[in-house]
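**Q** Pasting the sequence and the predicted model now:
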Amino acid sequence: MDKVFLHQLLGRPTAPFRESHVASLVYEFLIQEKIPYFVDPIGNIVVGVDSKNSYLKKVKDKYKEPVRIFIAHMDHPGFHGAKWVNEKTLAVTWHGGTPRKFLNGARVWLADKTGWKGEGIIQKAKLNPMGSALASSWIVIKRLNDSDLKKKYLPQELYGGFAFSAPFWEKNKIIYTKAADDLVGVFAILSLAKTLKNKNRPFLGLLTRAEEVGFIGTIGHLDLGWLNKARESVVFVSLETSRTLPGALVGKGPIVRLGDRATPFDPSLVQILTQVAQRKLPKNFQRRIMDGGTCEATAAITFGFRAMGISIPLGNYHNQSFEGGPESRGEWGPAPEFVHTKDIEGMLALCEGLMERSELWADPWRSKRENMIASKKAAKHLLKLS
Ligand SMILES: [Zn+2]
C-alpha cells in the first residue's frame, strides 16, 4: 500500500463542512493518476467518471454485475470559530462526536482555507444537553503561525480539532493520528481507483462531506435524485473506521459489517462480502454488527438502495480515550485515534475482491444452498416415514 499517500492524507486538516484540504489532495492524486472525477453540487467528489452525464451513463450500463459505489467521508469531528472573545481567545462551536472529560487544557489545532494556522488550548468546555459531546468552548491561542489571528481573520474562517504531538505517527504497525475516521476510508477508495484504472470495471467512488453531523453530504447527493432510476443496478459499499467492540478488535483484520446502530445491511450483499473475505483473508477478518455508530450505508438504505459495509477497527473512536495509549488524557478524555496497518491492508484486499468478476453477484446464496441440499440428501433415510 502507498504509505506516503496515506500519511499525506492523515496530515491534512479536516472538520465537518471544512474538507477542502483533503479534497485538494484528492484532486492532486486523481489528476496525477489520470483517474476521471467530478464534483457534485454539494461538494462531494465522484471518482471514476468525469461528469454528471458519464455518471448517469455508467450507472445505467448493462454490466452483468451491479455498479459498486464505494463511499467514504472526508470530514472528522471538529470545531468552527464563532466569535473573538479577545485577541487571543476564540469562542467556537463543535460538530460531531468528541471526548467528554479532561477537556479544559487539551490541545487543539487551527486551520483556515490556506492551511494550518497554529495551536490552542480548550477552556470553558461545554457539553451538549445529553452530556455526550462538546457543544462549545473557548480556544486560547498559544502557537500562532500568523502574527495576529484576530486582526487578520473573521472567526468563521478558522476551524480545528484535537491536536497531539504530530498529525500522525506509527509505532509497531499501529498508526496514531488526529483523525483516522474516515481518511483511511478515503485512502482505500483512491487506492482501489488506482488499481482499477483503465480496467472498465463497474466501480465508482463517492467521497463525501459532513458525515459526522448526520451524513449531510451523502443525503445531499442522494437527494439530487440522479440515481433514482438506478436502484436495481447499483450497490453501495460503505468504508469506515468504527469504534472497537468485543469481536471487532484492532489488528485482527477488517470487519465484514453486518449492520450499524440503525439497521442490518442487505443480506445478499453481506453474503457476497463474507465469501470474498473467506477467499481473500481466510481467518484474518472479523464479522459482526458494528452498532457503536451509524454509517453512510444506512443513509443509502433509507433512500431505497442496497448497501453493505466494511469497517476497520478504530482505537479511541472520535478521539475519545476508550483504549488509552500514548498521549491519552485519561478515560473519556482526548486521545489520538489509532488503526493497525494490517487492518488497512485487509480492507484494500476486500475492496479488490469485491471488484473481481464473480458468479457470486448472480447467485450469492448458491454455495450455502448447495450445502443445505446436501444435508437434506444425507438425511434422506431418516426422513422415511416409519
Ligand atoms: Zn466518525
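**A** Ah, there it is.

**Q** Distance-wise, check Ile189 relative to Lys178.
**A** For Ile189, the distance to Lys178 equals 20 Å [CB to CB, to the nearest Å]. Where you see a C-beta, it was placed from the backbone N, CA and C, and this is true even at glycine.

**Q** Is it correct that Pro334 is in contact with Gly105?
**A** No - using CB atoms under 8 Å, Pro334 is not in contact with Gly105; the gap is 9.8 Å.

**Q** So which of these two has more stuff around it?
**A** Legend: neighbour count by other CB atoms under 10 Å for Pro334 and Gly105, higher for Pro334 (29 against 13).

**Q** does the more buried one have beta-bridge partners, and which?
**A** Gln320 (DSSP bridges).

**Q** With Phe38 instead?
**A** Here Phe38, judged by DSSP bridges, has bridge partners Val46.

**Q** and it, how far is that from Leu190?
**A** 15 Å.

**Q** Among the two, which residue is more densely surrounded?
**A** Neighbour count, other CB under 10 Å: between Phe38 and Leu190, Leu190 has more, with 26 against 16.

**Q** show me what contacts the more buried one?
**A** 5, 26, 29-30, 47, 205 (CB atoms under 8 Å, 6 or more residues apart in numbering).

**Q** Most neighbours out of those, which is it?
**A** Gly205 (27 neighbours).

**Q** Now that residue: closest residue in space, sequence neighbours ignored.
**A** The shortest distance from Gly205 to any residue other than its chain neighbours is 3.2 Å, reached at Val47 (CB to CB, 6 or more residues apart in numbering).

**Q** wouldn't Ile216 be in contact with Asp223 here?
**A** No - the pair Ile216 and Asp223 does not pass the contact test of CB under 8 Å, sitting 10.2 Å apart.

**Q** out of the two, which sits in the busier spot?
**A** The neighbour count for Ile216 versus Asp223, taken as other CB under 10 Å, is higher for Ile216 (20 against 10).

**Q** The longest strand along the chain: partners in the sheet, and parallel or antiparallel?
**A** For the chain, the longest strand by residue count, based on DSSP state E, is strand 115-127. Strand 115-127 pairs in its sheet with strand 107-112 (antiparallel), strand 134-144 (antiparallel), by DSSP bridges.

**Q** Flag the shaky bits of the stretch 201-350 of the chain, pLDDT-wise.
**A** Nowhere does the stretch 201-350 of the chain drop to pLDDT under 70.

**Q** Tell me where it has strands.
**A** Counting by DSSP state E, counting those that start in this stretch, the segments of the stretch 201-350 of the chain that form strands are 203-208, 234-243, 255-259, 286-289, 306-314, 337-340.

**Q** residues contacting the closest residue in space to Phe303 that isn't next to it in sequence?
**A** Using CB to CB, 6+ apart and skipping the chain neighbours, the partner closest in space to Phe303 is Leu222 (4.3 Å). Residues near Leu222 by CB under 8 Å, 6+ apart: 299-300, 303, 305.

**Q** can you pick the most crowded of the residues you listed?
**A** Ala300 (30 neighbours).

**Q** Flag the shaky bits of the stretch 1-150 of the chain, pLDDT-wise.
**A** For the stretch 1-150 of the chain, no range has pLDDT under 70.

**Q** show me where it has helices.
**A** If you assign secondary structure with DSSP state H, counting those that start in this stretch, the helices in the stretch 1-150 of the chain sit at 3-10, 20-32, 52-60, 149-152.

**Q** after the last one, next one along is what?
**A** Read it as helix 149-152. strand 159-162 (DSSP states H and E).

**Q** in the helix or strand just after that next one, what counts as buried?
**A** Where DSSP H and E defines the elements, the next helix or strand beyond strand 159-162 is strand 168-171. Of the residues in strand 168-171, 168-169 count as buried by neighbour count, 16 or more other CB atoms under 10 Å.

**Q** contact partners of the helix or strand just after strand 168-171?
**A** Heading C-terminal from strand 168-171, the first helix or strand you meet, by DSSP H and E, is strand 174-177. By CB under 8 Å, 6+ apart, the residues outside strand 174-177 that reach it are 6, 10, 164, 167-170, 183, 250-251, 315, 325-327, 336-341, 344.

**Q** In PyMOL, select just the buried ones from those residues.
**A** The following PyMOL line selects those of those that are buried, judged by 16+ other CB under 10 Å:
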select buried, resi 6+10+164+167+168+169+183+250+315+327+336+337+338+339+340+341+344
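
**Q** Skip the chain neighbours and tell me the closest residue to Asp223.
**A** In space, Asp223 is closest to Phe303, 7.9 Å off (CB to CB, 6+ apart).

**Q** how much space between Pro77 and Tyr159?
**A** Taking CB to CB, one finds Pro77 at 11 Å from Tyr159.

**Q** How about Cys295?
**A** 23 Å.

**Q** between the two, who's got more neighbours?
**A** A direct count of neighbours by other CB under 10 Å for Cys295 and Tyr159 places Cys295 higher, at 30 against 25.

**Q** Correct me if wrong: that one contacts Ser238.
**A** Yes - between Cys295 and Ser238 there is a contact under CB under 8 Å: 4.8 Å.

**Q** Could you name every residue contacting both of these two?
**A** Contacts common to Cys295 and Ser238, judged by CB under 8 Å, 6+ apart, are 257, 309.

**Q** show me where the stretch 251-386 of the chain has helices.
**A** Going by DSSP H, counting those that start in this stretch, the stretch 251-386 of the chain shows helices at 267-280, 296-302, 341-355, 366-378, 380-383.

**Q** Out of these, which is closest to Lys152?
**A** Closest to Lys152 of these is helix 296-302 (CB to CB; 36.4 Å).

**Q** Enumerate the positions of the closest one that are buried.
**A** Those would be 296-301, for helix 296-302 by 16+ other CB under 10 Å.

**Q** Which other helices and strands does it contact?
**A** strand 67-73, helix 216-223, strand 234-243, strand 306-314 (3 or more CB pairs under 8 Å, 6 or more residues apart in numbering; DSSP states H and E).

**Q** Since that was my last question, I'll sign off now.
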